[in-house]
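# Build me a model from this:
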Amino acid sequence: MSTLDTAVWSCPGCGRRVPPQIKRCRCGVARPVGPSTAAEPVPVAEDTGGRRTGVLMLALGLVLGAALVVAMRLAPAAADPQPVADAAPSVDSEPVAADAPVADAAEAAPEPAPAKPEAFTAPTPPARADAPPAAAAALEDVVARSLPAVVLIQAGASRGTGFFVSPNRVLTNAHVVGTHVSVELQSGNVRQSARVVSVSPGTDLALLEVFGPNARQSTLPLGSLKDVRPGQEVVAIGSPFGVLSNTVTRGIVSAVRSAGSVTLIQTDAAINPGNSGGPLVDRNGVVIGVNSMRIAERGGQGLAFAVAIDHATPLLTGRPAPVVSTPLQGLNRVMERSPDAGDLREHGTQGYSEALEEVAQRANDIDSFWTRYAPSCVSRTAAAGDRPWFAIWETDGIRINQNGTYDCEDFLRQVREGADGVRTALAAAGEAARRHGVYPGVMRDLRRQHRLGWRGWDR
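Below is the predicted model of the structure:
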């Protein structure tokens, strides 16, 4: 080994002796170049061992390198890294002299591997606007939410079903309330009274207003015909035969039909007498129709109809639709049931007679009131019908006395209120009878039988 290969150079900055393979001192000063800074030779003993000395030196270098790597791994992560030499000795270079400082050998150590970056967690993407809708609720859950809003309606001797559209309003069929001006509602053990505020015979719908409503009363949301599709599953809720309240039947929408001016939803869900006026709801619990009728003639099976809920909008907004034709009349024309018109007329005649019996009872109560006070308060009445107080509907038909014993003005007011109720009930009964094809002469004879004749009915 030559003197040039074993020479070391002295650092001008710190005076440290640096091996020749190292181009920059630990203090950061580069090896100077020039005659004045020539490397100092280090006397080296004559190599008498040849390869043995080289092997020993190589082993010593490997041991020192391994110790340095272990020390660097055990050092704290926050410690500043040591400066690294510009160039590390190659594998083919000669080993450093045995008397060289151990710290200088660290200049040639490789840099530690950089730390791995933290794993990247992708954010959850927002839901797409066109994502498929969530699965529909279980059928039993839909029914459980709907039942508290459905009530049994008692209107005289007839019974039907209705449902709350707001805490104080109930929707039902017009033929359920008939000619009554007030009805009774029942839901479980809760009973309430309601008055008939609006009737639409043309769509067979009626709106009731509840006395003393419960602000927490369950209600049903109303849908639209545009969302109805043949084949979709529906549920009819009602009170079959007026006694089996909260009865649920399931089916599908068989078709959507126009019956005159009314749109009907045909379904195979069972609708029996007493179901009339109940809701037909979809799988979301939204009302799409009001159960109205079923067809049993001609061996019909699964032929039930509900009035589309869209027809309720004019009623709820105080604008009842004009009477053009009833759902039943329109459906009769669709099915060409003219040979069975006699059965329909007979049914209408019976219903009109029953309605007159109730109206006659109210008229008898007014008779008793009239008989008690009229002799003292009435000076003249015009002949107008079967009962003397029918003259209240004629212009200047009744004249009263100024009697100091009774308040005759209040007497006349009470007579007028009672008479208006009778007149309203008779008008509704007459319209129902005409829808069933009852002849005017038959209705006139029935009114006379109950002492309800008045020339004004035929005007």
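
# Mind checking the pLDDT average for stretch 401-415?
Over the span of stretch 401-415, the pLDDT mean works out to 81.

# contacting residues around it?
Ile366, Phe369, Trp370, Tyr373, Ser376, Cys377, Val378, Ser379, Trp389, Ile392, Ile398, Ile400 (Cβ atoms under 8 Å, 6 or more residues apart in numbering). Just so you know, the C-beta spots here come from the backbone N, C-alpha and C atoms, and that holds for glycine as well.

# can you tell me which of those residues lies nearest to Ser261?
Ile392 (35.7 Å; Cβ to Cβ).

# Helices along the stretch 51-200 of the chain, start to end?
51-74, 102-105, 139-146, 174-177 (DSSP state H, counting those that start in this stretch).

# Show me which positions of the third one end up buried.
Right, the one you point to is helix 139-146. Buried residues in helix 139-146, counted by 16 or more other Cβ atoms under 10 Å: Val142, Val143, Ser146.

# Now do the same contact list for Thr263.
Leu225, Val256, Arg257, Val307, Ala308, Asp310, His311.

# How about residues contacting stretch 207-224?
If you take Cβ under 8 Å, 6+ apart as the criterion, stretch 207-224 is touched by 145-146, 148-150, 153, 162-172, 177, 183, 185, 192-199, 279, 281-282, 285-288, 309-310, 312, 315-316.

# domain ranges for this protein?
9-108, 139-336, 340-458 (automatic domain parsing).

# winner for burial among those?
domain 139-336 (a mean of 19; mean count of other Cβ atoms under 10 Å).

# and Asp367, what is it in contact with?
Arg387, Trp389.

# Let me see the confidence value for it.
For Asp367, the model assigns a pLDDT of 89.

# and if you look at Asn168?
94.

# How about Gly318?
Reading off the model, Gly318 has pLDDT 81.

# How about Leu205?
pLDDT for Leu205: 91.

# Quick check: it vs Ile153, distance?
13 Å (Cβ to Cβ, to the nearest Å).

# Next, show the common contact partners of those two.
Thr172.

# now the spatially closest residue to Arg448 that is not a sequence neighbour: how far from Ala144?
For Arg448, ignoring the flanking residues on the chain, the nearest one in space by Cβ to Cβ, 6 or more residues apart in numbering is Asp386 at 7.1 Å. Per Cβ to Cβ, Asp386 is found 53 Å from Ala144.

# right, and Phe163 touches Gly278 too?
Yes: using Cβ atoms under 8 Å, Phe163 is in contact with Gly278, at 6.6 Å.

# so what's the backbone phi/psi at Thr267?
phi -140, psi 160 (degrees, to the nearest 10).

# so can I have a markdown table of the contacts of Thr263 showing secondary structure?
Output for the contacts of Thr263, formatted as a markdown table (DSSP: H, G, I helix; E, B strand; the rest coil):
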| residue | secondary structure |
| --- | --- |
| Leu225 | helix |
| Val256 | strand |
| Arg257 | strand |
| Val307 | strand |
| Ala308 | strand |
| Asp310 | helix |
| His311 | helix |
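
# Among those, which has the minimum pLDDT value?
Among the contacts of Thr263, Arg257 has the lowest pLDDT, at 86.
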